[in-house]
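Visitor: Predicted model and sequence follow; I will ask about them next.
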Amino acid sequence: MTGGKRINLLNIEPAEAEVALREFAVSEGEAAYRGAQVARHLWASPAPEFAAMSDLPAGFRNQLAEHFDLPRLELTAEQASSDGTRKFLFRMADGQAIETVAIPEGKRVTLCVSSQAGCALRCAFCATGAMGFARNLETFEIAGQVRELALLDPPIRPTNVVFMGMGEPLMNWPAVSRTLTILNSPKGFQIGARHITLSTVGWLPGIEALEKRPEQFRLAISIHAPNDALRAELMPVNTKFPLDDVIASAARFSRRVTFEYVMLDGVNDADAHAEALAELARRCGAFVNLIPLHPGGSMGFRPSPAGRIAAFAARLRARRVEVAVRRSRGLDIAAACGQLRTERVRRRLPAGADDDREIHQPA
Ligand code: SF4
């Protein structure tokens, strides 16, 4: 901790940060308990900067600021929907922009967080995929989305967090895994593991890594097509991890898995698709979420009509598969993943400028 770079307290697990802060307090002639006091201001009762930690002596706050860093994410745009959904655009220090969506529903507030800037996987219906991949987010940039919303006035305090924003979270596992700890830890945001959902295309090494965590984090797998040929068209990642392997991995997973299935008119919403999907769900005991396509983010696809979605759901239920039809939220703002960023970036950059970056894809 001597000289050189300041330690980013938001990029390490809360327990590790507390140890570093306790040691620092003692080295500065302060009582050891000051370490826990500062640590509370990282996540549980976040402070915007050291200077705002008014329960600490002013001199100690200055010393902290010299040795440690509490980086903020810059909030550059916000949209509010008439249904209460709010969408936030944050800019990172290197100029990358990411989105976070807050969805209130009764007593629940679900935050949808981003785990990568852009995405390498290019699902055919996805605005983020069309942007291409820029980089993985660091822990402080993922957990920081939750922290920034807790710093608003009035604060947004989520009861649930879903990794369904920009990016494939299981391709950024080390940072996502640390973020899970921050979200769930008693020294962090104290959100129950069952209220935290990782949503993946079926990135198998990541599912295995998640399985090794002892907490009951939830797993959702984007299926979107019930056979390899159609799925490979919609989701190119299917050529790397085919359906059979994804379903086998879901069956091995120790907790109940949810299938996400976006309803695309005339593409994946026929009765035969429902029957094939029911077969897959029964193989691994999955719960199925049917997602009406967000009209604005359709990339040339049309949403299935409501009657078709209802008939599809009924066919699944008739085969004893549990199914829910998600309500589309934020329809009057750009709430499908990647849309707000796409709009802003289009205004700032020449067309395509964002798509030409090198793709760093873990094996
Ligand atoms: S749907 Fe998810 S995994 Fe597919 S391109 Fe979009 S962000 Fe990436």
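Guide: Ah, there it is.

Visitor: any idea how this protein splits into domains?
Guide: Domain assignment of the chain by automatic domain parsing yields the ranges 7-69, 74-348.

Visitor: In which helix or strand does the one residue in the chain that gets nearest to the ligand reside?
Guide: Taking CB to the nearest ligand atom as the measure, the chain has Gly129 as its residue closest to the ligand, at 2.6 Å. No exception for glycine: its C-beta is placed from N, CA and C like everyone else's. Take DSSP states H and E as the rule and Gly129 turns out to sit in helix 127-131.

Visitor: next one: Phe90
Guide: strand 86-91.

Visitor: avg pLDDT for the helix or strand following that strand?
Guide: For strand 86-91, the succeeding helix or strand toward the C-terminus, using DSSP H and E, is strand 97-105. Throughout strand 97-105, pLDDT has a mean value of 93.

Visitor: For beta bridges, what are the partners of the nearest residue in space to Gln145 that is not next to it in sequence?
Guide: Distance criterion CB to CB, 6 or more residues apart in numbering; nearest residue to Gln145, sequence neighbours excluded, is Thr100 at 4.3 Å. Note on Thr100: beta-bridge partners by DSSP bridges are Phe88.

Visitor: Run through the residues that contact Thr100.
Guide: Contacts for Thr100 were tallied using CB atoms under 8 Å, 6 or more residues apart in numbering; they are Lys87, Phe88, Phe90, Leu111, Cys112, Val113, Ser114, Gln145, Glu148, Leu149, Gly165.

Visitor: which one in those is the model shakiest on?
Guide: Scoring the contacts of Thr100 by pLDDT puts Gly165 last, at 90.

Visitor: orientation of the strand holding Phe90 relative to strand 97-105 in degrees?
Guide: 160 degrees (axes from the mean of the first three to the mean of the last three CA atoms, to 10 degrees).

Visitor: from here on, count from 50
Guide: Understood, numbering begins at 50; the last thing we discussed is strand 135-140.

Visitor: quick one: strand 135-140 to chain centroid distance?
Guide: Distance of strand 135-140 from the chain centroid (CA atoms, centre = their mean, to the nearest Å) equals 13 Å.

Visitor: Could you do stretch 253-263 as well?
Guide: Per CA atoms, centre = their mean, the centroid offset for stretch 253-263 relative to its chain is 16 Å.

Visitor: With stretch 234-243 instead?
Guide: Offset of stretch 234-243 from its chain centre (CA atoms, centre = their mean): 16 Å.

Visitor: Next, the buried residues of it.
Guide: Within stretch 234-243, the residues that qualify as buried are Ser234, Lys236, Gly237, Phe238, Ile240, Ala242, counting by 16 or more other CB atoms under 10 Å.

Visitor: Tell me which residues are up against it.
Guide: So stretch 234-243 is contacted by 62-64, 67, 88-89, 92-93, 192, 195, 199, 207-210, 229-233, 264-267 (CB under 8 Å, 6+ apart).

Visitor: can you pull the alpha-carbon coordinates of it into CSV?
Guide: The C-alpha coordinates for stretch 234-243 follow below in CSV (Å, rounded to 0.1, in the frame of the first residue of the first chain):
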residue,chain,number,x,y,z
SER,A,234,-22.5,-10.9,1.0
PRO,A,235,-23.6,-9.6,4.4
LYS,A,236,-20.8,-7.0,4.0
GLY,A,237,-22.1,-6.3,0.5
PHE,A,238,-25.7,-5.7,-0.8
GLN,A,239,-27.2,-8.6,1.2
ILE,A,240,-29.4,-9.8,-1.7
GLY,A,241,-30.4,-13.5,-1.3
ALA,A,242,-28.7,-15.9,-3.7
ARG,A,243,-32.1,-17.1,-4.9
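
Visitor: mean confidence for it?
Guide: Per-residue scores along stretch 234-243 average to 97.

Visitor: Could you do stretch 323-333 as well?
Guide: In this model, stretch 323-333 carries a mean pLDDT of 98.

Visitor: low-scoring stretches of the stretch 50-199 of the chain, by residue?
Guide: Confidence mapping of the stretch 50-199 of the chain against pLDDT under 70 gives the ranges 50-52.

Visitor: redo that, cut-off 50
Guide: Scanning the stretch 50-199 of the chain for pLDDT under 50 picks out the ranges 50-51.

Visitor: hang on, the earlier thing: just the buried members of the contacts of Thr149?
Guide: Buried, going by 16+ other CB under 10 Å: Lys136, Phe137, Phe139, Leu160, Cys161, Val162, Ser163, Gln194, Glu197, Leu198, Gly214, out of the contacts of Thr149.

Visitor: among the residues you listed, which are in strands?
Guide: Those of these mapping onto strands are Lys136, Phe137, Phe139, Leu160, Cys161, per DSSP state E.

Visitor: Check those residues one by one and keep those near the ligand.
Guide: Among these, no residue sits close to the ligand (CB under 6 Å from any ligand atom).

Visitor: just curious, which of these is nearest to His273?
Guide: Distances from His273 to these, taken as CB to CB, are shortest for Cys161 (17.7 Å).
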